[in-house]
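**Student:** Fold the following.
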Amino acid sequence: MSSAILRQASSAARAATRSCAFSTSVVARKDFVQDLYLRELKSYKPPSPAKDAHVGVVKAYALPPTPQAPALPTDLAGELSAYDATEPTVAAAAVKTTEGEQSGPTGAEAFLSFLEADEPKAEAHH
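**Tutor:** Just a heads-up that it's a prediction; the model follows:
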């Protein structure tokens, strides 16, 4: 009995799809959702921005101050003679501090001997 009902339902469904697939009426082809969407798009008016909407977002522009041209000193000859008269600082003090930090030989031979030296064995942590 159930197979007879299924046959009748499937034949009814096939008949319905055949008759609905080839619609010749213009009204049946009309897309209501598309018409509603297009009508809403045409009637949409964007809100106008407020006149003071930029306040707080945009900073007021102010021109930077005009730079001043450098001026030569009035007593240029006196300043040059004072500069020539000063004693230069001696770099020997800086050399002494760097010598104290170094211990042992330096140079390529020391570096090569460091590379050839055995690495200390890592102690096992318990």
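**Student:** got the residue ranges for the helices in the protein?
**Tutor:** 2-21, 26-29, 32-43, 76-85, 92-101, 108-116 (DSSP state H).
**Student:** Show me which positions of the last one end up buried.
**Tutor:** Of the residues in helix 108-116, none is buried under the neighbour-count criterion (16 or more other C-beta atoms under 10 Å). In this view, the C-beta of every residue, glycine as well, is placed from N, C-alpha and C.
**Student:** what's the offset of it from the middle of its chain?
**Tutor:** 46 Å (C-alpha atoms, centre = their mean, to the nearest Å).
**Student:** still on that earlier bit, going by mean pLDDT, which of the helices of the chain comes out lowest?
**Tutor:** Lowest mean pLDDT within the helices of the chain: helix 92-101, at a mean of 57.
**Student:** Tell me how many other residues surround Glu79.
**Tutor:** 11 (other C-beta atoms under 10 Å).
**Student:** go on, Thr89?
**Tutor:** 8.
**Student:** Let's check: the centremost residue of this structure is which one?
**Tutor:** Val57 (21.8 Å; C-alpha atoms, centre = their mean).
**Student:** Quick check: pLDDT value at it.
**Tutor:** For Val57, the predicted pLDDT is 84.
**Student:** Please report the distance of it from Ser48.
**Tutor:** 17 Å (C-beta to C-beta, to the nearest Å).
**Student:** Next one: Gln34 from Glu40, what distance?
**Tutor:** 11 Å.
**Student:** Repeat that for Leu80.
**Tutor:** 84 Å.
**Student:** go on, Gly56?
**Tutor:** As judged by C-beta to C-beta, Gly56 and Glu40 stand 34 Å apart.
**Student:** Ser48 too?
**Tutor:** With C-beta to C-beta as the criterion, Ser48 and Glu40 are 19 Å apart.
**Student:** before we move on, what about Phe32?
**Tutor:** 13 Å.
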